[in-house]
Each structure stands twice: as C-alpha cells, then as structure tokens.
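Peer 1: Dropping the sequence and predicted coords here.
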Amino acid sequence: MLGKGVNQLTLLLARICRRIPTRQRVTTTGGHNERRLRALVVHPRLPGAKEALLSFDAVEAVALVRAAGWESVMPHGSHAGQAASSSSEEDSESASDGTDDADDADDADDADAIGAYVARLDRVDPRFFFHLKELCRVVVQVARHGADILVVNSSLSPIQQRHLEAAMDLAWRAQRRQQKYDVGTSDINQSRIAVFDRARVVLAIFARRASSTVARLGIELAEAQEVKAKLGAGMASGVTSQLQQVARALGKLPGCDKTALLPRSGGARGVTTSFTSSPQITRQKQQRVIDEKRARLREEIARLQSTRSSRRQQRARDERLTIGLVGYTNVGKSAIVNRLTSSDLLVKDGVFVTLDVASRRCVLPSGRECYVLDSVGLIQGLPINVCEAIQATMQEMHDADVVLHVRDIAHPAREDRWELVREMLADAHIDEERVVEVWNKADLIAEKEVRRLHYLRQQKDSTPVFTVSALTGAGFPALLSGLQTILEEVAVKAVPGLQSSSAIQVPQSGWCTVRLPQGLSKSQASDLWAFLHSSSVADATVRTDEATGEVMVRVRMSESAKARFLQQFGSGFLS
Ligand SMILES: Nc1nc2c(ncn2[C@@H]2O[C@H](COP(=O)(O)OP(=O)(O)OP(=O)(O)O)[C@@H](O)[C@H]2O)c(=O)[nH]1
Ligand SMILES: [Mg+2]
C-alpha cells in the first residue's frame, strides 16, 4: 500500500487531468449563479491550408466546444483573421501587444460568422505554438473576454501545452485585475485557465457524455497518458522573457499593470502548476502512481472489451451478416440506420451525437435478416488511439461483413473528409473491397450536381455508390436491394471453393453430402451457406463433380441438424 500521500497524489492527479478551472460558479448579481465555462477557440491558419475550407474547420471546432458543454466566446469587435501583414514572426521586443482597437470591420464580421479567433502563422512555434506577436494577441483575447478555457484547434505537444498554460496564468491574473478581484497568494500556483487542443476537447466530450463504462475508462486512460507525457515536459529555458512580453501586452488592459501580473520573484516560477510545485511529491512517485493507474485501467478495459467481443461472436454465431456504417461525424449515419431498421436512434445536428456503437436488426426485401451497426463519427485531427470509442468503432468495422462509408454529399469539405475516412479505414486494415459508399443528404443538392459527381467518381472508381436521403427516404429501396445482393455475394464467397452464387451446389448423414445445383437462387445459396456454417455442421470439404459440374459439400451433421436441414430445404439437396 502506498498510503495517504498517494491518495493525495491521486486527488491531485484527478484535478490536473481535468484541469478545468474552478470557476463553475461566478457572482453575477450578488448571488451564486451557475454558468457554463467559456472557451475561446483559436483556429491556426497555416500556410498550405485550404482557404476555402477555413471557416468549416473553425466552425467545426466551435461545434466541438459546444458539444463539450462550453460556451464559445467571440464577442463582436475582436480580432479575427488578422491581416496578412501581421502574420510574420516577430519574436522581438516590439511584438504587438494585441490590445489595439483597430479591428477591421470585415474581420469582426468574420469573427461573428466563424465564432473563432483565426491566428495566422507562418509556422508552428515549438514552445508556445504561436509566435510571440500572435501569442500576445491570443492571451489578450482570453483576458479581455473572460475565457475559462483556451481551445487551440490543432494538436499541442506537452511542452507547448505547458507553456501556454503559463501564459494563461498571466491572462487569469489580468482577468482578475480587470474585475478588481484579489489575487491571493494561495491561488498563485494554481493554473486557472485551461488549455485544450482538439483531441482533448474530443476527450472532454466523451468524458461528459459517454455512457458506457468502457468508454469512461478509456477517457481516464487517455488522461492518465497525457499526465504522464506532461510530467516529462518542463519549462524550456528562455521562455521567461517571452512571458514578460505577454505580461507587457496584458498590462495595457484597463486595471492591469505588467509588474502586478508577473510573479513576485520574477521568472516563470509563479506560473508552475500545483503538481510540480508540491515538493513532497517526487517525480518517481508521480510516475509510479500514473503507471499503476494506467495498468489498472488497461486491465479493466481489456476485461470489458472481451465482453464486447463475445457479443460480436454471438452475432456471428446466430448466422446473420453484419453491415457496419462508418463516416465523418454528422453525415447522417444514425438517420440511415433508423431508416434501414425502423429504429429511433438519436439523430441531431452536431458533432459526436452518437458516442457508442449500436446494433439493430434489419429485414432485407427477401425477408432475410442482418445486423446494421451505427458507430461513432470520425473527425479530422483525432488520432484513433486517443479514444477507446473510436477504436471500438474501427474494430466493429473490421469485423463487419460489409462496411457502408456514409458521406454528406452536400458538404463543401466532402472530398477531404472522404480521404480522411479512407485513410482511417486503411489504417484499421479494413479491406477496400468490403467498403461501399453511401452518399447521403442528396436532398440538399441539385440532381444535376449529383449526376456530375457520379460521373466524376466513375472516372476514378467503378465500385457502386448509393445515393440516398435519410430525410426524405429517397434511394432507400435501391439501397436495400443493393445490400441484399451484396450480402448474398458475401455469403456465397465465404463457402470454400465457391466463387459465385450461380455455381452453388451440396451433400449425406452422420456424414452427408449437400449438392448445390447450378440454377440455385442467390438467396437460397446464401441460406444454405449460413446453415452449413452453423455450429451444428462440421468438417466441410468441397469438390466439384467433373461429370455434372455440381459442387458437392461433404459435411458431418448431427441427426437433429439433419432434421432441421430437411425441414428448411427439403430432401432435394441431400445425397
Ligand atoms: N437534409 C438532410 N439532413 C439529414 C439527412 N440525414 C441526416 N440529416 C441531418 O443531419 C444531422 C446529423 O444526422 P445524424 O444521423 O445524427 O448524423 P451522424 O452521422 O449519426 O452523426 P454523429 O452521431 O454525430 O457522428 C441531423 O440534423 C439530421 O437530421 C438527409 O438525408 N438530409
Ligand atoms: Mg450518430
């Protein structure tokens, strides 16, 4: 047992992992009112990024923030999309303080439309992510608008995160000064404005809303991993002068002055976190506790995942084929599952509405049943390994017989998203041959445009595409009969030695032989296949009769299985 010190450490860890400021309650009218945390979203505009898609990327980040339950702050009149002339990196004493009010009216309109602060960068700074001039602007924005959270719509290294937190501590002091709050010395070592990158926001969404235990544990594991990474990331030398520049920029806000913002003893000491400032806790101890926690979580997740995989095996045993739906978030996957299976899964305009895989039964036009799996949406900038729910989605897709890649065909960023999903499917080793595209939301674009997109698509790839509207139901009869044909092909191909359904034939008792005649329908062939692959049949060997061309499948069947076979298919197939 590690004792009381370790318990304290665990509490500290939990606090640091969440790192959400304690300002859940603020005084507005004298009393204590609950208010949502306020997040400033900063979208970095880097060279090479597609200008046309800028607003979609930024708007998506704002949607993520809302899904996390935070309010996105972007008051009118703030800087958005700084003029190109301000984009050069000027890590000098003359760095702009970011407090000037010469906001361009168009920029302000952009801000209102996008809801995010757009930071133009020539490159990513290894220490602060932003070059000094832009860093000052961002920090001033945070201080000015009373944000509790800074969201950088990209991925931050542990060092960048740590340095940004240090800069945010200065913003927090400035916020307090502006509000004439007393900055007590006991508070000084506490980082109060949290810094989130895109992946952390996604984790926060899952942490807030994920209902399954395994998803929650997955979040805890990701957080523990993050803390571990941060332990190794100390403050780089030379950042003090940059923090002083930041303080200078903040010092121009009303009620603030540079010297009051900087820690009394100078340097970056006052902006260290409570974690690193607890002298009694050694780094080894911290690491040991985190490692133990990670091992415990991994074990528990593995145990729960094995339950999940036995559910998959159960599905496989009951002989129904599985269709998995995968795609970018908000493309209409759940709406399609609802249409296919007459279910009422939650459908909503937003990101990450579905947070766990769900399976529903679907009846095909032939009366044959299959499973349809709804899944967690994918999103740009989210490494699969960060999130257990996304890993689970990919595992389900990996095991599905057919994967429907659902696309929002009306979305301007559809091609980038198509590429992203294809890459993620390839990374998860999902065979392209099993993937069928479904173009959804066809009601939102003109038919002529759909035809044009089909034409362009055929130039590149001749695999089938189904165009539907989950809203109106258009295209669903064709989708259902297409799925039926595809599943029959899948079933037939799975019989060893058979290449196509038209060739199917089969067999004798104890040992018996099932004969598959030439003219067998696809649905009969797949039903026969399903039976022959059930647990009551064993040791199948397949050969083709040279004289008749019939396929003969020799199998061992129990007496009861044989009786069921005769009942279902008659005696014509047995010899
Ligand atoms: N116009 C139109 N809207 C649609 C269509 N299909 C879905 N939607 C809307 O798109 C939004 C997202 O639908 P969902 O089914 O929740 O999307 P999803 O892909 O499951 O999203 P996540 O679970 O968040 O990944 C909802 O507002 C739906 O009403 C469609 O064919 N046409
Ligand atoms: Mg959904």
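Peer 2: Thanks, I have the structure now. Residues are numbered from 1 along each chain as shown. Ligands and ions are numbered 1, 2, ... in the order given.

Peer 1: And for the closest residue to ligand 2 within the stretch 101-250 of the chain, nearest residue in space, chain neighbours not counted?
Peer 2: In the stretch 101-250 of the chain, the residue that lies nearest ligand 2 is residue 209 (12.4 Å; CB to the ion). Using the backbone N, CA and C atoms, a C-beta is placed for each residue, glycine as well. Among residues not flanking residue 209 along the chain, residue 355 sits closest, at 5.7 Å (CB to CB, 6 or more residues apart in numbering).

Peer 1: Could you report the neighbour count for that neighbour?
Peer 2: Residue 355: 20 surrounding residues under other CB atoms under 10 Å.

Peer 1: wait, it sits on residue 374?
Peer 2: No. The pair residue 355 and residue 374 fails to qualify as a contact (CB atoms under 8 Å) at a distance of 10.7 Å.

Peer 1: who's in contact with whichever residue of the stretch 451-575 of the chain sits closest to ligand 2?
Peer 2: At 10.8 Å from ligand 2, residue 470 is the closest residue in the stretch 451-575 of the chain, using CB to the ion. By CB atoms under 8 Å, 6 or more residues apart in numbering, the residues touching residue 470 are 332, 335, 336, 338, 339, 440, 441.

Peer 1: Nearest to residue 286 among the residues you listed?
Peer 2: Using CB to CB, residue 332 comes nearest to residue 286 of these, at 45.0 Å.

Peer 1: Need the phi and psi values for the closest residue to residue 411 other than its chain neighbours.
Peer 2: Spatially, and ignoring its direct neighbours in sequence, residue 411 is nearest to residue 417 (6.9 Å; CB to CB, 6+ apart). Dihedral pair for residue 417: phi -70, psi -40, per degrees, to the nearest 10.

Peer 1: As a check, name the ranges of all helices in the stretch 451-575 of the chain.
Peer 2: Taking DSSP state H, counting those that start in this stretch as the criterion, the stretch 451-575 of the chain carries its helices at 476-493, 522-532, 559-569.

Peer 1: Please identify the deepest-packed of the ones you listed.
Peer 2: Neighbour counts (mean count of other CB atoms under 10 Å) averaged over each of the helices of the stretch 451-575 of the chain peak at helix 522-532, with a mean of 21.

Peer 1: So which of the helices of the stretch 451-575 of the chain is nearest ligand 1?
Peer 2: Minimum separation from ligand 1 across the helices of the stretch 451-575 of the chain (CB to the nearest ligand atom) falls at helix 476-493, 10.3 Å.

Peer 1: Between helix 522-532 and that closest one, find me the angle.
Peer 2: Helix 476-493 runs at 50 degrees relative to helix 522-532, counting by axes from the mean of the first three to the mean of the last three CA atoms, to 10 degrees.

Peer 1: Helix, strand or coil: sort out residue 61 for me.
Peer 2: helix (DSSP: H, G, I helix; E, B strand; the rest coil).

Peer 1: Tell me which two in the contacts of residue 470 are the farthest apart.
Peer 2: Longest span within the contacts of residue 470, CB to CB: 338 and 441, 14.5 Å.

Peer 1: check contacts around the residue nearest to residue 411.
Peer 2: 328, 331, 380, 407, 408, 411.

Peer 1: Next up, the contacts around the first one.
Peer 2: This means residue 328. Neighbour list for residue 328: 377, 378, 379, 407, 408, 417, 420, 421 [criterion: CB under 8 Å, 6+ apart].

Peer 1: Kindly report the same for the fourth one.
Peer 2: With contacts defined as CB under 8 Å, 6+ apart, residue 407 is in contact with 327, 328, 331, 414, 417, 418, 421, 437, 438, 439, 440.

Peer 1: taking those residues one by one, which sit in helices?
Peer 2: Applying DSSP state H to these, the entries found in helices are 414, 417, 418, 421.

Peer 1: Same list (those) but as a markdown table, adding pLDDT and distance to residue 120.
Peer 2: Shown next, in a markdown table, are the ones in helices among the contacts of residue 407 (pLDDT from 0 to 100; distance: CB to CB, whole Å):
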| residue | pLDDT | distance to residue 120 |
| --- | --- | --- |
| 414 | 93 | 26 |
| 417 | 92 | 24 |
| 418 | 93 | 28 |
| 421 | 93 | 29 |
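
Peer 1: how deep is the closest residue to residue 541 other than its chain neighbours tucked in, by neighbour count?
Peer 2: Distance criterion CB to CB, 6+ apart; nearest residue to residue 541, sequence neighbours excluded, is residue 554 at 5.0 Å. Residue 554: 16 surrounding residues under other CB under 10 Å.

Peer 1: Just grab the bridge partners of residue 554 for me.
Peer 2: Assessed by DSSP bridges, residue 554 has beta-bridge partners residue 513, residue 541.

Peer 1: related to what we said a few turns ago, could the helices of the stretch 451-575 of the chain go into CSV alongside distance to ligand 1 and mean pLDDT?
Peer 2: Output for the helices of the stretch 451-575 of the chain, formatted as CSV (distance: least, CB to the nearest ligand atom, whole Å; pLDDT from 0 to 100):
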stretch, distance to ligand 1, mean pLDDT
helix 476-493, 10, 84
helix 522-532, 29, 74
helix 559-569, 37, 72
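
Peer 1: Can you lay out those as a markdown table showing distance to ligand 2?
Peer 2: Formatted as a markdown table, the helices of the stretch 451-575 of the chain follow (distance: least, CB to the ion, whole Å):
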| stretch | distance to ligand 2 |
| --- | --- |
| helix 476-493 | 17 |
| helix 522-532 | 29 |
| helix 559-569 | 37 |
